[in-house]
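Peer 1: Have a look; sequence and predicted model below, questions after that.
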Amino acid sequence: METIAIIGTGRMGSLIARKIKDKYRILLVDKDIRRCGNLAKDIHSIATGNLEVIKDADYIILALPDRVIRDILPNINSFLKGHQIVINISTSTMKKDLLDKINYRQNLISVKIIGHYEEINLGEIPLIIIEETAKDEIKTKMIEIFSNIGIVLFGKEEDVEKVNTIAGEEAIKAAINIKKRLMEQNIKQEYWSIAIRNVASGTMKAFSSGDIGPFAKRVVEELEKKNSL
Ligand SMILES: NC(=O)C1=CN([C@@H]2O[C@H](COP(=O)(O)OP(=O)(O)OC[C@H]3O[C@@H](n4cnc5c(N)ncnc54)[C@H](OP(=O)(O)O)[C@@H]3O)[C@@H](O)[C@H]2O)C=CC1
Ligand SMILES: O=C(O)[C@@H]1CCC=N1
């Protein structure tokens, strides 16, 4: 069994760990050792706060906030070996921004996710975009790992950043507008969250799959009449 170290066991790191735990030996690394330990207990893996553990890994997944990735690379360099593949999943940290910080630059690969951990946890399938310029043998290994998580395609990491940024920004704008309009109508605060999480997000999903109900169809017609669609 090959070994995968996951550095950062927050939302995405823990999701990946759970999806691949039956096929790989997993080593979990996080500065929050309690969070990491609880996950390790759940999925029968090893948890530590010590980066040295990555010595034993075939693959190292960086599931860290973008602001810390560059800073952590010099700390992992001393434990890296030439055969290990380092996988960066951070949406907004590009490979070119990391190359000056890492040993064995040829072993750094971007694998980016068009998806949101909460939706993926609920069963929505994300797209996993493997850097199209990667070597064939690395691509094959990435497909083996990431097809456990979503639909794997080859592409450009910059496109993933664009997609996640536009979708994220527009979703937040919509949530803010919903809240604002409900406030103006004196609607009780406890209704807002369900309006956003359930009605709005369900309607968006139905719209994207062409499966809207009669009520939402009327909304679409009204919007078309007003020419705002
Ligand atoms: N969330 C999502 O839906 C998606 C996330 N991604 C990408 O995944 C990456 C991780 O995001 P996400 O899981 O949401 O973030 P989280 O904040 O949930 O998880 C990051 C984890 O890394 C830990 N951490 C921070 N600094 C260090 C460090 N120096 N050493 C070890 N562990 C550290 C954090 O601990 P602490 O909380 O204590 O700081 C936290 O447990 C991001 O780059 C993001 O772009 C991509 C697609 C979707
Ligand atoms: O960190 C990210 O890229 C994502 C995409 C959707 C939500 N968070």
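Peer 2: That came in fine, so what should we check first? Ligands and ions are numbered 1, 2, ... in the order given.
Peer 1: What parts of this structure come near ligand 2?
Peer 2: Within the chain, the positions near ligand 2 by CB under 6 Å from any ligand atom are 91, 116, 164, 168. For the C-beta atoms, the positions are set from N, CA and C on the backbone; glycine is no exception.
Peer 1: list the contacts for the second one?
Peer 2: By CB atoms under 8 Å, 6 or more residues apart in numbering, the contact list for H116 reads 124, 126.
Peer 1: Now do the same contact list for L39.
Peer 2: 9, 14, 17, 28, 45, 47.
Peer 1: Among the residues you listed, name the ones in strands.
Peer 2: 28, 47 (DSSP state E).
Peer 1: from the contacts of L39, which is closest to F215?
Peer 2: Of all those, F215 sits closest to S14, with 36.8 Å by CB to CB.
Peer 1: Just the buried ones among the contacts of L39, please.
Peer 2: The neighbour count (16 or more other CB atoms under 10 Å) marks 9, 14, 17, 28, 45, 47 as buried among these.
Peer 1: What is the nearest of these to G155?
Peer 2: A17 (24.4 Å).
Peer 1: Surely the closest one is in contact with L28?
Peer 2: Yes - the criterion here is CB atoms under 8 Å, and A17 meets it with L28 at 6.4 Å.
Peer 1: Overlap in contacts, these two.
Peer 2: With CB under 8 Å, 6+ apart, A17 and L28 have common neighbours 6, 9, 39, 45.
Peer 1: For N88, see how far away N103 is.
Peer 2: Per CB to CB, to the nearest Å, N103 is found 15 Å from N88.
Peer 1: Compare the two (neighbour count), which wins?
Peer 2: The neighbour count for N103 versus N88, taken as other CB atoms under 10 Å, is higher for N88 (26 against 17).
Peer 1: Tell me the bridge partners for that one.
Peer 2: For N88, the beta-bridge partners are L62, S110 (DSSP bridges).
Peer 1: Enumerate the residues of this structure near ligand 1.
Peer 2: 7-13, 29-32, 35, 63-66, 68, 72, 89-91, 113, 115-117.
Peer 1: do that again at 5 Å, thanks
Peer 2: 8, 10-12, 30-32, 63-64, 66, 68, 89-91, 113, 116-117 (CB under 5 Å from any ligand atom).
Peer 1: Filter the residues you listed down to just the ones in helices.
Peer 2: Mapping those onto helices (DSSP state H) picks out 11-12, 66, 68, 117.
Peer 1: Which SSE is immediately downstream of the lengthiest helix in the chain?
Peer 2: Using DSSP H, we find that the single longest helix of the chain is helix 157-184. Of the helices and strands lying after helix 157-184 in sequence (DSSP states H and E), the nearest is helix 189-194.
Peer 1: tell me the domain boundaries of the protein?
Peer 2: Listed by automatic domain parsing, the domain ranges of the chain are 3-155, 162-228.
Peer 1: what's the most buried one of these?
Peer 2: Counting by mean count of other CB atoms under 10 Å, domain 3-155 has the highest mean neighbour count of the domains of the chain, with a mean of 18.
Peer 1: got the end-to-end distance for that one?
Peer 2: Domain 3-155 has an end-to-end distance of 26 Å (CA to CA, to the nearest Å).
Peer 1: is it true that I143 lies in a strand?
Peer 2: No - using DSSP: H, G, I helix; E, B strand; the rest coil, the assignment for I143 is helix, not a strand.
Peer 1: Mind telling me which residue of this protein is nearest ligand 1?
Peer 2: Closest to ligand 1 within the chain is G10: 1.9 Å, counting by CB to the nearest ligand atom.
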